[in-house]
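Visitor: This is a predicted model, with the sequence first.
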Amino acid sequence: MKLRGAIIGFGEVARNGHWPGYAANDDVEIVAVVDRTPARRELAESLQPGISTYASLADVPRRAPIDFVDICTPPALHGEPMLDAIGRGWHVLCEKPFLLDAAALGEARARATAANVAVIPVHNWKYAPIVQAATAALRSGAIGSLTRVEIETSRLKAAPTAEHAGVNWRRDPAIAGGGILMDHGWHSVYIALHWFTEHATGVSARLHWPSGEGLVAEDEARVTIDFPSGSAAIVLTWNGTVRRNAMRLEGTRGEIVAADDTLTVRGEAEKTMRFPSALSAGSAHADWFEAMLPDVIAGFRNPPQSRAVFEEAAQTLAIIQQAYATDPALAGTAAKG
């Protein structure tokens, strides 16, 4: 039987990333869209005539034929619909950065466990074809034991949002929970966790904030994460001269290098693979979302199976919070702003 879902927040990532992914999967069906903006509700209705649309989750009947919600709102607005859905017995898929504080995350964990529902973060970068290939090479032992990971993300500016012209919530820490570290950094941290398969033992960071702007969010970050068997170095910027992504995995017997659309594995032999799309191409990544959906659906059908990726999100949040707290400029505060 198909699982029936409601998308909450029909902005850029929902429209261009999630919607096409659902359309390509025969096991799910989106039956409702919740968005405060009439124009976005009208857009959903034009894309799928007959779909139910609502201005808020409170307007959705509690007995509506819904099995899960997909939360695509700005980060500060994730918590309330997540707890509401759990209270209704609905599973939850939620865009990163998932939840912004440990207390909210703990409450969601406890309520989801008690209700036996799945709460799953959108950790879609693990499903990028080049990242999957790098992971497969690592797990096969091609470079021996992992000792170091380097992840670099360079952007010319913060990704645009669906808000009106001149406003970008990614630059507002009150809405985004931070700046580039909470945004792009979230992906980098969970990928490092995914590759090391260990808990972090230490975190340090140096962040940079732009001057003379109304919104105060860091636009550059350098983060080091220590693990029992090695370390991860993450470099992020919204001030780049070129849009690119690069990743390097160093092992005891070689290295794996991902440079946008090219993967090179240097172990006993060298192998290079080219991919049709670069890591830095676009921001919606509908194909990655589509590739992730089978695991999401499996988690919805068997909630205990989803606990590991929930805990991956919990670790990601803890590392990012520690990175903010260790930056010298913040003097122990949780975030600037």
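Guide: Okay, I see it. Numbers count the residues shown, from 1 in each chain.
Visitor: Give the other helices and strands that the least confident helix or strand in the chain by mean pLDDT contacts.
Guide: Sorting the helices and strands of the chain by mean pLDDT, DSSP states H and E puts helix 173-176 at the bottom, at a mean of 85. With contacts taken as 3 or more Cβ pairs under 8 Å, 6 or more residues apart in numbering; DSSP states H and E, helix 173-176 sits against helix 180-196. Where C-beta positions appear, they are placed from N, C-alpha and C, glycine not excepted.
Visitor: Can you name the next helix or strand after the helix it packs on?
Guide: strand 202-208 (DSSP states H and E).
Visitor: Now do that next one against helix 180-196: the angle between them, please.
Guide: Going by axes from the mean of the first three to the mean of the last three Cα atoms, to 10 degrees, strand 202-208 is angled at 150 degrees with respect to helix 180-196.
Visitor: Sketch out the low-pLDDT regions of this structure for me.
Guide: By pLDDT under 70, the low-scoring segments of the chain are 159-167, 212-215, 329-337.
Visitor: which residues does Val131 contact?
Guide: 125, 191, 247, 258, 279 (Cβ atoms under 8 Å, 6 or more residues apart in numbering).
Visitor: In ChimeraX, select just the buried ones from these.
Guide: Restricted to buried positions by 16 or more other Cβ atoms under 10 Å, the ChimeraX selection for those reads:
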select :125,191,247,258,279
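Visitor: from the contacts of Val131, which ones fall inside helices?
Guide: Applying DSSP state H to those, the entries found in helices are Ile191.
Visitor: Can you tell me what sits against stretch 138-149?
Guide: Counting by Cβ under 8 Å, 6+ apart, residues outside stretch 138-149 touching it are 137, 191-192, 195-196, 229-233, 247-256, 265-267.
Visitor: Quickly name whichever of the contacts of Val131 is closest to Ala118.
Guide: Nearest to Ala118 among the contacts of Val131: Trp125, at 20.0 Å, using Cβ to Cβ.
Visitor: can you give me the helices for the stretch 51-200 of the chain?
Guide: 79-87, 102-115, 129-139, 173-176, 180-196 (DSSP state H, counting those that start in this stretch).
Visitor: what about the residue positioned nearest the centre of the chain, distance to Arg206?
Guide: The centre of the chain sits closest to Lys96, judged by Cα atoms, centre = their mean, with a distance of 3.6 Å. Note on Lys96: its distance to Arg206, by Cβ to Cβ, to the nearest Å, is 22 Å.
Visitor: now swap in Glu220 and tell me
Guide: In terms of Cβ to Cβ, Glu220 sits 9 Å off from Arg206.
Visitor: quick one, which of those two is more surrounded?
Guide: Set side by side, Glu220 and Arg206 show more neighbours around Glu220, with 18 against 15, by other Cβ atoms under 10 Å.
Visitor: if I read this right, that one contacts His208, doesn't it?
Guide: Yes - here Glu220 lies in contact with His208, judged by Cβ atoms under 8 Å, at a distance of 3.9 Å.
Visitor: check contacts around the residue nearest to the centre of the chain.
Guide: 75, 121-123, 186-187, 313.
Visitor: before we move on, what about Gln315?
Guide: 189-190, 193, 199-200.
Visitor: Helix, strand, or coil at it?
Guide: helix (DSSP: H, G, I helix; E, B strand; the rest coil).
Visitor: and the gap between the residue nearest to Thr326 when sequence neighbours are not counted and Val149?
Guide: Spatial nearest neighbour of Thr326, chain neighbours left out: Ser204 (5.1 Å); criterion: Cβ to Cβ, 6 or more residues apart in numbering. Counting by Cβ to Cβ, the separation of Ser204 from Val149 is 15 Å.
Visitor: Looking at those two, which one has more neighbours?
Guide: Taking neighbours as other Cβ under 10 Å, Ser204 and Val149 compare with Val149 leading, 25 against 14.
Visitor: Let me know the distance separating the more buried one from Thr53.
Guide: 43 Å.
Visitor: Ok, Gly282 next?
Guide: For Gly282, the distance to Thr53 - Cβ to Cβ - is 26 Å.
Visitor: Check what contacts stretch 28-48 and list those residues.
Guide: With Cβ under 8 Å, 6+ apart, stretch 28-48 has contacts from 2-11, 15, 19, 22, 51-57, 59-60, 64-66, 70, 81, 162, 293, 297.
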